[in-house]
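S.K.: I would like the atomic coordinates for the input below:
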Amino acid sequence: MSDRALGGRYVIQDKIGTGGMAVVYRGLDQVLGRTVAVKTMLPQFAGDSSFAARFKQEAQAAAALQSPYIVSVYDWGQDNNTYYIVMEFVDGITLKEYIRQKGKLEQQEAIGIAIQVANGLGEVHRQGIVHRDVKPQNMIISSDGKVKLADFGIARAASTETLSQESMGSVHYISPEHAQGKPTDARSDLYSLGICLYEMVTGRVPFDGEEAVTVLLAQINQKPVSPRSLNPEISEELNYIILKSLEKRPAARYQSAAELIQDLEAASRNSGDILP
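M.R.: The predicted structure is shown next:
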């Protein structure tokens, strides 16, 4: 990026991340004098008129979200051939990096992270938005231990109801209905959160393979190995929560973030009331 300010306002500084659709930079908002994160779309997306329309709609919706568990979207726009989105800068690491560092997380810490993410998703779903790209790479743990969910709008704008090439990097966390090109809803996001919780307590995802299509077929057809068989230290209650989250049929899963949070809080208290 050049030293020119995007939109005449945001000075691009160092690169802090790269994804399948965009590059993220640390930037300076010259008007408010604050550090921000600026995500710029890759050229192949910026040149797609249908993407531009979806991006505008979803970026507006993301900017309206207000939650301490969501990375705030401050602004968005187009500058020459680039679409960009300006977000809150969170000083921290992704949950994916955190899991790699620790191998696996203790039950209480994993539950605490999942509750924060579920609270963020609850607000998203109340606004009628489905994230559709819930994964540890999109969760940022700040230096004070707070967790924020990122990448609203962009993930949604870049995908259609059929699985696009750009979303193949998310196959380990994708819901069975999304993998089949079927409509997705809040329960699809909760499935993805269940996969994240599984990975937090076992150090691995439930479905893996060398080819993306292998993982997709497993998401659709295979039952996950019980997380408790991989980590006997987790409780039967948490094991139940994870497996319920990963039910293939949406109707068999948690129907709302609030319902999931209720059971997670009970598991944190070691309450056996949630077991069938």
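S.K.: bridging residues for residue 41?
M.R.: Counting by DSSP bridges, residue 41 forms beta bridges with residue 22.
S.K.: same check, this time on residue 77
M.R.: With DSSP bridges as the rule, residue 77 is bridged to residue 84.
S.K.: Wait, a strand at residue 93?
M.R.: Yes: the assignment for residue 93 by DSSP: H, G, I helix; E, B strand; the rest coil puts it in a strand.
S.K.: Regarding the closest residue to it other than its chain neighbours, what is its secondary structure?
M.R.: Take residue 93 and drop its neighbours on the chain: the residue closest to it by CB to CB, 6 or more residues apart in numbering is residue 141, 6.0 Å away. Just so you know, the C-beta spots here come from the backbone N, C-alpha and C atoms, and that holds for glycine as well. Using three-state DSSP, the structure places residue 141 in strand.
S.K.: residue contacts, residue 141?
M.R.: 92, 93, 94, 95, 98, 113, 147 (CB atoms under 8 Å, 6 or more residues apart in numbering).
S.K.: which of those count as buried?
M.R.: 92, 94, 95, 98, 113, 147 (16 or more other CB atoms under 10 Å).
S.K.: Skip the chain neighbours and tell me the closest residue to the first one.
M.R.: Think residue 92. Closest to residue 92 by CB to CB, 6+ apart is residue 142, at 4.0 Å.
S.K.: and what of the fifth one?
M.R.: Nearest non-adjacent residue to residue 113, counting by CB to CB, 6+ apart: residue 147, 5.2 Å away.
S.K.: Would you mind measuring from the residue nearest to residue 92 to residue 201?
M.R.: Going from residue 142 to residue 201 by CB to CB, to the nearest Å gives 21 Å.
S.K.: Likewise for residue 33?
M.R.: 42 Å.
S.K.: Comparing those two, which residue is more hemmed in?
M.R.: Between residue 33 and residue 201, counted using other CB atoms under 10 Å, the more crowded position is residue 201 (25 against 7).
S.K.: quick one, what contacts residue 172?
M.R.: 135, 195, 205, 207, 208, 215.
S.K.: Wait, the second one touches residue 170, no?
M.R.: Same thing as residue 195. No: the criterion here is CB atoms under 8 Å, and residue 195 misses it with residue 170 at 10.2 Å.
S.K.: Provide the contact partners of the helix ranked longest in the chain at residue level.
M.R.: If you go by DSSP state H, the chain has its longest helix at helix 107-126. Residues outside helix 107-126 that contact it (CB under 8 Å, 6+ apart): 65-67, 69-70, 95, 105, 130-131, 134, 139, 141, 146-149, 152, 186, 189-190, 193, 196-197, 200-201, 233-235, 238, 256-258, 260-261, 264-265, 267-268.
S.K.: Where do the strands of the chain begin and end?
M.R.: Along the chain, counting by DSSP state E, strands occupy 10-18, 22-29, 34-41, 73-79, 82-88, 92-94, 139-142, 147-149.
S.K.: Provide a list of residues in contact with the closest residue to residue 255 other than its chain neighbours.
M.R.: Using CB to CB, 6+ apart and skipping the chain neighbours, the partner closest in space to residue 255 is residue 187 (6.4 Å). Contact analysis of residue 187 by CB under 8 Å, 6+ apart lists 175, 250, 253, 254, 255.
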